[in-house]
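1. Kindly return the folded structure for what I paste below:
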Amino acid sequence: MGPSGTQSGTYSVNQEGILELDCPRCTVDETVLSVNENYTLKHVVFHSQEGDVFALAAIPPDPVAGFVLSPGAGVPKEGHQGRAEVFATQGYAYLVLDVRGNGGETGGYPMNLDLDFQKYLAEKWPQYYLSVCDVSSARIYLQGKSEIPVYATGESNGGRYAAIAAALDPGFAGYIGISTSGFSRAGDAYSGDTRKFLLSVDPVTPVEKMRGRSTWLFHAPGDPIIPYSAGEEFYTAFPLPKKFFTFNGTHGQNEETDSVILGECAQIYAPQR
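-> I've put the predicted structure just below:
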């Protein structure tokens, strides 16, 4: 099931709810916003038949790795500009997406699985699937700048898009999820197309495809939006290698999560610098 056409891409969902994506083709425009000795800050636009998607990218002259961040609901790319600049100063390319429907430059509607299911039944592109594709398009963009390992990163609902993108796209070196979770295979309570669709948007469904690639999950015990127990359950679904980090905070990234990520990456990539 899925739209057809050389430019619009296709998707399918098998009986187990595993999503397969041939994402819409896109072209990229970029505008330099600022340049310093540590990095170049760019405004990036991904153009496709399914709408323009906007991003900010901070790219150092010789990055050793990269990150694509899918922010949480209601958080525009500018909310993570400082984070992107910090990572770029440390030698990592960092791109922040304006997720569809998050209220930033990118159009769309806040996550609405009912509306997406109607699009699925009509063989149109659900926005949820497009948001997964956007994460992969950003990886391709970063790796076009430099042949570096790139990690799919996401917080809260953005962590769900990033998890599915990382699982389905073997070009990602790994996945980093912060204050996020799956849907506990809620689709299994239904049958037919409803079951298939709900499983296809549940990041728990394809996680076995992460085997051999790293997963780092972060959750705060005091998270008021997605319970800590949901983060722990999400972690158990992933194959090795994986790590779970408890951090102080509420919901979403903070300086502590950034410090841990940079510390873990330093152990892997410091010899290259």
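
2. For this protein, which segments count as helices?
-> Assignment of helices within the chain using DSSP state H yields the ranges 81-89, 113-121, 127-145, 157-168, 192-200, 228-237, 255-269.

3. Can you tell me which of those is most buried?
-> helix 157-168 (a mean of 29; mean count of other C-beta atoms under 10 Å). C-beta: built from backbone N, CA, C; applies to glycine.

4. For it, C-alpha coordinates in CSV please.
-> Taking C-alpha atoms only, helix 157-168 is exported to CSV below (Å, rounded to 0.1, in the frame of the first residue of the first chain):
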residue,chain,number,x,y,z
ASN,A,157,7.6,12.4,20.2
GLY,A,158,10.6,13.3,18.0
GLY,A,159,12.4,10.3,19.5
ARG,A,160,9.8,8.0,18.0
TYR,A,161,10.4,9.3,14.5
ALA,A,162,14.1,9.0,15.0
ALA,A,163,13.9,5.5,16.4
ILE,A,164,12.0,4.2,13.3
ALA,A,165,14.3,6.1,11.0
ALA,A,166,17.3,4.6,12.6
ALA,A,167,15.9,1.1,12.5
LEU,A,168,14.8,1.3,8.9
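
5. Report the angle between that helix and helix 127-145.
-> 70 degrees (axes from the mean of the first three to the mean of the last three C-alpha atoms, to 10 degrees).

6. could you say what helices and strands helix 157-168 packs with?
-> If you count contacts as 3 or more C-beta pairs under 8 Å, 6 or more residues apart in numbering; DSSP states H and E, helix 157-168 packs onto strand 19-22, strand 65-70, helix 127-145, strand 150-155, strand 174-178.

7. Taking strand 174-178 as reference, get the angle to that helix.
-> Going by the same axes, to 10 degrees, helix 157-168 makes 160 degrees with strand 174-178.

8. Now do helix 157-168, average pLDDT.
-> For helix 157-168, the mean pLDDT works out to 98.

9. Turn the helices and strands packed on helix 157-168 into TSV, columns for distance to Leu240.
-> Output for these, formatted as TSV (distance: least, C-beta to C-beta, whole Å):
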stretch	distance to Leu240
strand 19-22	23
strand 65-70	20
helix 127-145	22
strand 150-155	17
strand 174-178	12
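
10. Could you report the neighbour count for Gly187?
-> The local packing of Gly187 (other C-beta atoms under 10 Å) involves 20 other residues.

11. Hmm, I typed the wrong one, I wanted Gln90.
-> Residues near Gln90, counting by other C-beta under 10 Å: 19.

12. what's the answer for the one 10 residues further on, then?
-> The burial count assigned to Arg100 is 21, neighbours taken as other C-beta under 10 Å.

13. Likewise for the one 4 residues further on?
-> The burial count assigned to Gly104 is 23, neighbours taken as other C-beta under 10 Å.

14. My read is that it contacts Val53, right?
-> No. Gly104 is beyond contact range of Val53, at 9.8 Å (criterion: C-beta atoms under 8 Å).

15. what touches both of those two?
-> Asp98 (C-beta atoms under 8 Å, 6 or more residues apart in numbering).
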